[in-house]
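Undergrad: task: produce atomic coordinates for the following.
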Amino acid sequence: MLGRAARLLLPLWLLLGVSAGQGLGSGRRPPPQSGPEGQALGARRRLLSVEQLEEAEDLSLALLETGLPGELAPECRELLLGFANSSVGLAGCLVRSARPVRLCRSCYRHFQSVTEQLENITRAVGNSSESNCAKSLLMSDRVQIVVILSQFFNSTWEKANCANCLKNNGEGLSNNTIEFLDLFNASLRCFERNFQGPSINLVAGNSTEVCRNCNVTYRNLNTLYNKMQTMTGEGRGHRTHLCIDVEDAMNITRKLWSRTFNCSVPCSDTVPVIAVSSFILFLPVIFYLSSFLHSKQKKRVLILPNRIQSNASLVNIQEKYS
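TA: Numbers count the residues shown, from 1 in each chain. Next comes the predicted model:
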């Protein structure tokens, strides 16, 4: 602030010097006067210098308070500094949590801080200073750095689907996410505990121990993951994307289970599947067999009853004797 005040006061001091000396470019100074007239003139000059000095100080203080054209007011600069600090924290957290992916569970507090700082800038409650701060920080130039950064953070957060693994207020992980992460960590500990030796030299005995001892934990993790996929979307029952943390953790576990350890989960619905498949395979045979049996017609033999024959003979006798 002192350096800035000195820069502002320097032209004013030069102006005062020019006024006191009656022009720096005049080429000569008036000869000094003696006597009462000279003393009176000197007093008037000193009085004028004091008045100009006071006016210069008032002008300097006014410029310091209002700021030069293009500079921010103190309250606006404080808002910009708050957004800058929160943006630095969120950007660093996103980079540090890129691999393995832990964006949502590690950076949701930083994202919430950036959102609050941006709301402080854009909020207008009738105060002219806050409205001017929003215009200065968001719409004063073509680049609009604050707007670009906020859009980048929001886009990254939406692509990661972090809202699907957080509470409704966004202040913490949901209960299902916490349960999933606990099962995920338990699965990794089980893999590490039951597998001995480097993963590039897998032997049947080591992978068999993992498949047998970690089967229950892995199946519970897989079941919970499928359940979480169908529970999102306000209970409509359709499958949707979970947050990137959960998806990446499940992908890592499945790769370890199927590719690294060559394990497989036995299907519990084997008998119904075999029964339905067999019925579908035998449907053409049943169809053609039934068609063949119904296509063959049996000849019908007409047998006259005895009563009809007796009536016919009686008619012949009557015709013979008539």
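Undergrad: where do the helices sit along the stretch 151-300 of the chain?
TA: Along the stretch 151-300 of the chain, counting by DSSP state H, counting those that start in this stretch, helices occupy 175-194, 204-213, 215-231, 244-255, 270-295.
Undergrad: between the shortest one and helix 215-231, how big is the angle?
TA: Which is helix 204-213. Calculated by axes from the mean of the first three to the mean of the last three Cα atoms, to 10 degrees, helix 204-213 forms an angle of 50 degrees with helix 215-231.
Undergrad: against which helices or strands is the strand or helix carrying Arg109 packed?
TA: Per DSSP states H and E, Arg109 falls inside helix 103-122. Using 3 or more Cβ pairs under 8 Å, 6 or more residues apart in numbering; DSSP states H and E, the elements in contact with helix 103-122 are helix 74-96, helix 128-138, helix 145-159, helix 244-255. In short, each C-beta sits where N, CA and C put it, glycine included.
Undergrad: quick check: buried residues in the third one?
TA: Of the residues in helix 145-159, those with enough neighbours to count as buried (16 or more other Cβ atoms under 10 Å) are 146, 149-150, 153, 156-157.
Undergrad: other residues contacting that helix?
TA: Outside helix 145-159, the residues that touch it by Cβ atoms under 8 Å, 6 or more residues apart in numbering are 80, 83, 87, 90, 94, 103, 111, 114, 118, 121, 137-138, 163, 244.
Undergrad: what's the angle from the helix holding Arg109 to helix 244-255?
TA: Going by the same axes, to 10 degrees, helix 103-122 makes 170 degrees with helix 244-255.
Undergrad: kindly export helix 103-122 (C-alpha atoms) in CSV.
TA: The C-alpha trace of helix 103-122 is given here as CSV (Å, rounded to 0.1, in the frame of the first residue of the first chain):
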residue,chain,number,x,y,z
LEU,A,103,-11.7,-38.3,-7.0
CYS,A,104,-15.1,-38.3,-5.3
ARG,A,105,-14.1,-39.6,-1.8
SER,A,106,-10.9,-37.4,-1.6
CYS,A,107,-12.0,-34.1,-3.2
TYR,A,108,-15.7,-33.6,-2.4
ARG,A,109,-14.8,-31.1,0.3
HIS,A,110,-12.6,-29.1,-2.1
PHE,A,111,-15.4,-29.1,-4.7
GLN,A,112,-17.9,-27.9,-2.1
SER,A,113,-15.5,-25.1,-1.2
VAL,A,114,-15.1,-24.0,-4.8
THR,A,115,-18.9,-24.0,-5.2
GLU,A,116,-19.4,-21.9,-2.1
GLN,A,117,-16.8,-19.4,-3.3
LEU,A,118,-18.4,-19.1,-6.7
GLU,A,119,-21.8,-18.6,-5.0
ASN,A,120,-20.3,-15.8,-2.9
ILE,A,121,-19.2,-14.0,-6.1
THR,A,122,-22.4,-14.5,-8.1
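Undergrad: could you check the angle it makes with helix 145-159?
TA: Counting by the same axes, to 10 degrees, helix 103-122 lies at 150 degrees to helix 145-159.
Undergrad: nearest to Pro74, out of the helices of the stretch 151-300 of the chain?
TA: helix 244-255 (40.2 Å; Cβ to Cβ).
Undergrad: and the pLDDT at the closest residue to Leu80 other than its chain neighbours?
TA: Computed as Cβ to Cβ, 6 or more residues apart in numbering, the closest residue to Leu80 that is not its neighbour in sequence is Leu137, at 5.8 Å. pLDDT recorded at Leu137 is 89.
Undergrad: out of the helices and strands packed on helix 103-122, name the one with the poorest average pLDDT.
TA: Among the helices and strands packed on helix 103-122, helix 128-138 scores lowest, at a mean of 75.
Undergrad: what's the average pLDDT for stretch 225-237?
TA: For stretch 225-237, the per-residue pLDDT averages 70.
Undergrad: equivalent analysis for stretch 191-201, please.
TA: The pLDDT scores in stretch 191-201 average 68.
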